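Undergrad: Sequence and predicted structure below; questions after.
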Amino acid sequence: MADPITISLGCMLYDHTEALLGGGVDVAGVELRAEPSHDVADLFRRVVERRGPDVAELGFTFLLRSMDLDDPPLVGIPVFMMRKFQHSVIYVNEASGITAPADLAGATIGEFAVYGHDMGIWPKGILADEHGFAPERSRWLIGGTDEPMAPMDFVPQRHPDSVDVRHIGGGAALGPMLEEGRIDALISAVPPAAVLRGDRGVRRLFADADEREADYHRRTGIFPIMHVVVVRRDLLDANPGLATALYRAFGESKAVAEQAYRAGRTAEPSAPWHFAQLLDRRGVLVDDGRHEHGIAANRAAIDTFLRYHHEQGLSDRRLRCEDVFAAELLDT
């Protein structure tokens, strides 16, 4: 890039983005206009509707759904803003009789926000791989966890014809429905209030979720990805080298946060650092690159998510890294 360009960046304020958003880290050849967001759903809507920032945080599934458009408007940068392990996001009503994954067959299951949100795709896929779970054998209700939530109509509400899915609508919310036994289980990025209160009528499917997550990490090397960074395709086409400049800047910002974390200056690190902290206490190696940015360190996680996305009927074809991420960053 010859002359500096001005671009806008919208993302949540994480510890690993703080230096970039605050001006402590520069993007080479760019005058950055930071737009920290406090409403991730609104940010996603603006990005998908092309009213949002030039560079932005976006749910991985929303990026993949845009790839089915005739002229995909977004390109991924292998910067992974949010991650979370998945065995702990499945909740059940104690009276449902569900004690093991096999018991989910025939159950009515709530899912937060949209059928196939990032933290819905992962647990379904893991349950399918390791326990033979089949989504079409259950009924699915979509909505907010503890508050009513309008449909996310800015993305196609895709699901296979063989899967029974509907939005609960009205003034209902899935958390209270789980408490009342109107649904048997819930998959949600947001823990239901009953769990936070310690209500014994609602519990996690896996009582040993922490141990299962640590074991999953040991066996697979996967630290599940939820949100990625996207850039407008036309902006990248017009500015060769921009993808690399952005990637390096996000990496530098993360390094600032990591240094503070290791020096004990970050009291309550955000994702992904607090997950690394938990894993460290379980004796899992966390300095092996599995929570880094880039393709090489995340190939297994990316390929697994792309497979799950297609298997669950959310993309027309099984996408590859080369379809999703900027070509100049495929060797990162």
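TA: Thanks, I have the structure now.
Undergrad: switch to C-alpha atoms for all contacts and neighbour counts from now on
TA: OK.
Undergrad: Which residues does the lengthiest strand in the chain contact?
TA: In the chain, taking DSSP state E as the definition, the longest strand is strand 74-83. Outside strand 74-83, the residues that touch it by C-alpha atoms under 8 Å, 6 or more residues apart in numbering are 57, 63, 66-67, 223-233, 243, 247, 250-251, 271-272, 292-295, 324-326, 329.
Undergrad: from the residues you listed, which ones fall inside helices?
TA: Within the contacts of strand 74-83, residues falling in helices by DSSP state H are Leu63, Ser66, Arg233, Ala243, Tyr247, Phe250, Gly251, Val324.
Undergrad: most neighbours, which of those residues?
TA: Neighbour counts for those, by other C-alpha atoms under 10 Å, peak at Phe250, which reaches 27 neighbours.
Undergrad: domain ranges for this protein?
TA: Domain ranges of the chain: 5-83+223-329, 87-220, per automatic domain parsing.
Undergrad: end-to-end on the shortest one?
TA: Read that as domain 87-220. Terminal residues of domain 87-220 are spaced 14 Å apart (C-alpha to C-alpha, to the nearest Å).
Undergrad: Quick one: mean pLDDT over it.
TA: Taken as a whole, domain 87-220 has an average pLDDT of 95.
Undergrad: ok so, going back, format the ones in helices among the contacts of strand 74-83 as a markdown table; extra columns: distance to Ala128 and pLDDT.
TA: Putting the ones in helices among the contacts of strand 74-83 into a markdown table (distance: C-alpha to C-alpha, whole Å; pLDDT from 0 to 100) gives the following:
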| residue | distance to Ala128 | pLDDT |
| --- | --- | --- |
| Leu63 | 23 | 96 |
| Ser66 | 25 | 91 |
| Arg233 | 34 | 96 |
| Ala243 | 35 | 98 |
| Tyr247 | 33 | 98 |
| Phe250 | 34 | 96 |
| Gly251 | 34 | 96 |
| Val324 | 24 | 97 |
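Undergrad: Quick check: the residue most central in space within the chain vs Met82, distance?
TA: Nearest to the geometric centre of the chain sits Met226, at 1.6 Å (C-alpha atoms, centre = their mean). Separation of Met226 from Met82 (C-alpha to C-alpha) stands at 5 Å.
Undergrad: got it, and Arg166?
TA: 27 Å.
Undergrad: of these two, who's got more company?
TA: Met82 (20 against 15).
Undergrad: so who does Val195 touch?
TA: Residues counted as contacts of Val195 (C-alpha under 8 Å, 6+ apart) are Val202, Arg203.
Undergrad: Break down this structure into its strands, ranges please.
TA: Per DSSP E, the chain carries strands over the ranges 5-12, 30-37, 55-59, 74-83, 90-93, 108-112, 139-143, 164-167, 185-187, 202-204, 225-232.
Undergrad: Could you single out the most deeply buried of those?
TA: Of all these, strand 185-187 carries the top mean neighbour count, a mean of 29, counting by mean count of other C-alpha atoms under 10 Å.
Undergrad: Determine the set of other helices and strands touching that strand.
TA: On a contact count with 3 or more C-alpha pairs under 8 Å, 6 or more residues apart in numbering; DSSP states H and E, strand 185-187 meets strand 90-93, strand 108-112, helix 118-131, helix 174-180.
Undergrad: Tell me which of these lies nearest to Ala28.
TA: Closest of the helices and strands packed on strand 185-187 to Ala28 is helix 118-131, at 31.3 Å (criterion: C-alpha to C-alpha).
Undergrad: Could you tell me the angle between that closest one and strand 55-59?
TA: Relative orientation of helix 118-131 versus strand 55-59 (axes from the mean of the first three to the mean of the last three C-alpha atoms, to 10 degrees): 40 degrees.
Undergrad: Compute the first-to-last residue distance for stretch 228-237.
TA: With C-alpha to C-alpha as the measure, stretch 228-237 spans 19 Å from end to end.
Undergrad: got the contact list for it?
TA: Outside stretch 228-237, the residues that touch it by C-alpha under 8 Å, 6+ apart are 54-60, 63, 72-82, 242-243.
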